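Undergrad: all I have is the shape, not the residue letters:
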């Protein structure tokens, strides 16, 4: 079974930094693009960033471009999000999500279809 | 960014009802649309991809249709486990975007 576990969330002040981690298991991590999606309290879902399987292609939402950096370590089956210059509007639950679809029980890599999600880690930015 | 607009924002229905949620894109996204379900305090779950393809393991009472700019998610016979919030999501652009969500409540 696919298992994604986020960690690293917490309470920080505006302008501070935080590094999120997502540990993956149950699938061939190095074959799949990975993503971060966030959800502010009581609000909808917002895609944050994507990284391709070999880190060749990286994309960011305009709201975090220049402040957040996504990376991955295929040897450690992990994806990361370095968040700098945090703002109060970055307060959210951050989810790690695999990009794939599954048909007849078999899963295939497919960018930007979020088929498996972690349980999320809460980031609170407040003075 | 491509804007996704869902309607209605809230839907009250009973077990056994057939319900339909609509999602409109601000530009043509072909069939590059997914539907996800989210329950309170839980991670989202993928239901439909490519507008009408059922994700493995998802009950067949869920179906999706549409292309271009207008899409629908239909639940043929609402079950107690289906009361949740549903989001559409486009992936035609480098920046995926979600609709604002439709909350399906018990009538």
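TA: Right, received. Where do you want to start? From a predicted model like this one, the values you see are computed outputs, not experimental measurements.

Undergrad: list the contacts for the residue positioned nearest the centre of chain B?
TA: Centrality entry for chain B: nearest residue to the mean C-alpha point is residue B:35, 3.7 Å, by Cα atoms, centre = their mean. For residue B:35, the contacting residues are B:23, B:46, B:47, B:48, B:62, B:64, B:73, B:86, B:87, B:88, B:89, by Cβ atoms under 8 Å, 6 or more residues apart in numbering or on different chains. Heads up, the C-betas are built off the backbone N, CA and C, glycines and all.

Undergrad: nearest to residue A:48, of these?
TA: Set against residue A:48, the nearest of those by Cβ to Cβ is residue B:89 (13.4 Å).

Undergrad: packing partners for the helix or strand encompassing the closest one?
TA: Residue B:89 is part of strand B:85-90, with elements assigned from DSSP states H and E. With contacts taken as 3 or more Cβ pairs under 8 Å, 6 or more residues apart in numbering or on different chains; DSSP states H and E, strand B:85-90 sits against strand A:45-51, strand B:4-7, strand B:19-25, strand B:33-38, strand B:70-75, strand B:97-98, strand B:102-106.

Undergrad: name every strand pairing with it and say which way it goes.
TA: Here strand B:85-90 is paired, per DSSP bridges, with strand B:33-38 (antiparallel), strand B:97-98 (antiparallel), strand B:102-106 (antiparallel).

Undergrad: contact residues of chain A facing chain B?
TA: With the criterion set to Cβ under 8 Å from any Cβ of the partner chain, chain A comes near chain B through A:37, A:44-47, A:59, A:61-62, A:95, A:101-107, A:110-120.
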